[in-house]
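S.K.: Please work out how this folds:
(chains A and B)
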Amino acid sequence: DTGVSQNPRHKITKRGQNVTFRCDPISEHNRLYWYRQTLGQGPEFLTYFQNEAQLEKSRLLSDRFSAERPKGSFSTLEIQRTEQGDSAMYLCASSPPRVGADTGELFFGEGSRLTVL
Amino acid sequence: AQSVTQPDIHITVSEGASLELRCNYSYGATPYLFWYVQSPGQGLQLLLKYFSGDTLVQGIKGFEAEFKRSQSSFNLRKPSVHWSDAAEYFCAVGRADKLIFGTGTRLQVFP
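M.R.: Residues are numbered from 1 along each chain as shown, chains lettered A, B, ... in the order given. Below is the predicted model of the structure:
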């Protein structure tokens, strides 16, 4: 059983550079989520896809952030002109299609840690 | 406003001792409640969840949690802690599309 896969696991970049993270969800899951976790905090919701459609975006997701899921499979999260405040763990999660009551259970990847110098 | 409060930032227990991690929530509708565990270098793993029905729910690794609507609480318990339980524990509330997490409780276990 392959879980949620995220790459790269660690990224160190200089302020102003662009970075891109990739998430491969569990194969039969049609829903995909991005969360951000900073030190000492719980994960915070960023955005959510159902298949290829981006259905919701948090106000945390500034114009420098863009997420895509072009074919309804893997997703990318790009951060342009990175700032030191973007340093965080970026978590991807997926969940299966709803059948009956929505259980809301998310399956998380190990995360991609970004450090902006 | 919807929120989750985990009042204990850090808890230390001896191996074999009992454990209770506190979680209080604020949510307008009937909540779905979750406990996740995060070990170093690993992703968040679901321990247990509550949607409806029996207010005492059993999870993996010997954990259980009790939903108390009158107290807006969903505390996590384990009767006997193992050294491998050392990790960060997150309570979360919400429905599928947007979970709201607490700030977590770091559990340290002494031999």
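
S.K.: Excluding chain neighbours, what is closest to the residue positioned nearest the centre of chain B?
M.R.: Centroid-nearest residue in chain B: residue B:35, 3.7 Å away (criterion: CA atoms, centre = their mean). What sits nearest to residue B:35 in space, not counting adjacent residues and going by CB to CB, 6 or more residues apart in numbering or on different chains, is residue B:47, at 4.4 Å. In this view, the C-beta of every residue, glycine as well, is placed from N, C-alpha and C.

S.K.: Which pLDDT does the model give that neighbour?
M.R.: The per-residue pLDDT reported for residue B:47 equals 95.

S.K.: ok, now residue A:101?
M.R.: pLDDT for residue A:101: 58.

S.K.: Also the one 10 residues further on?
M.R.: The pLDDT attached to residue A:111 in the predicted structure is 95.

S.K.: Make sure it is actually in contact with residue A:88.
M.R.: No: Residue A:111 sits out of contact with residue A:88 when judged by CB atoms under 8 Å, with a separation of 9.3 Å.

S.K.: Give the residues shared as contacts by these two.
M.R.: Both residue A:111 and residue A:88 are in contact with residue A:37, where contact means CB atoms under 8 Å, 6 or more residues apart in numbering or on different chains.

S.K.: returning to that earlier point: residue B:21 versus the residue nearest to residue B:35, what's the distance?
M.R.: Between residue B:47 and residue B:21 the computed distance is 10 Å (CB to CB, to the nearest Å).

S.K.: Which residues are in contact with each of these two?
M.R.: Overlap between the contact sets of residue B:47 and residue B:21, as judged by CB under 8 Å, 6+ apart, is given by B:35, B:76, B:89.

S.K.: now these as TSV including secondary structure and pLDDT?
M.R.: Formatted as TSV, these follow (DSSP: H, G, I helix; E, B strand; the rest coil; pLDDT from 0 to 100):
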residue	secondary structure	pLDDT
B:35	strand	96
B:76	strand	98
B:89	strand	98
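
S.K.: what's the nearest residue to residue B:66 if we skip its chain neighbours?
M.R.: Nearest non-adjacent residue to residue B:66, counting by CB to CB, 6+ apart: residue B:56, 5.1 Å away.

S.K.: How about the residue nearest to the spatial centre of chain A: which residues does it bridge to?
M.R.: Chain A has residue A:34 as the residue nearest its centroid, 2.8 Å off, counting by CA atoms, centre = their mean. Bridge pairing for residue A:34 (DSSP bridges) gives the partners residue A:47, residue A:92.
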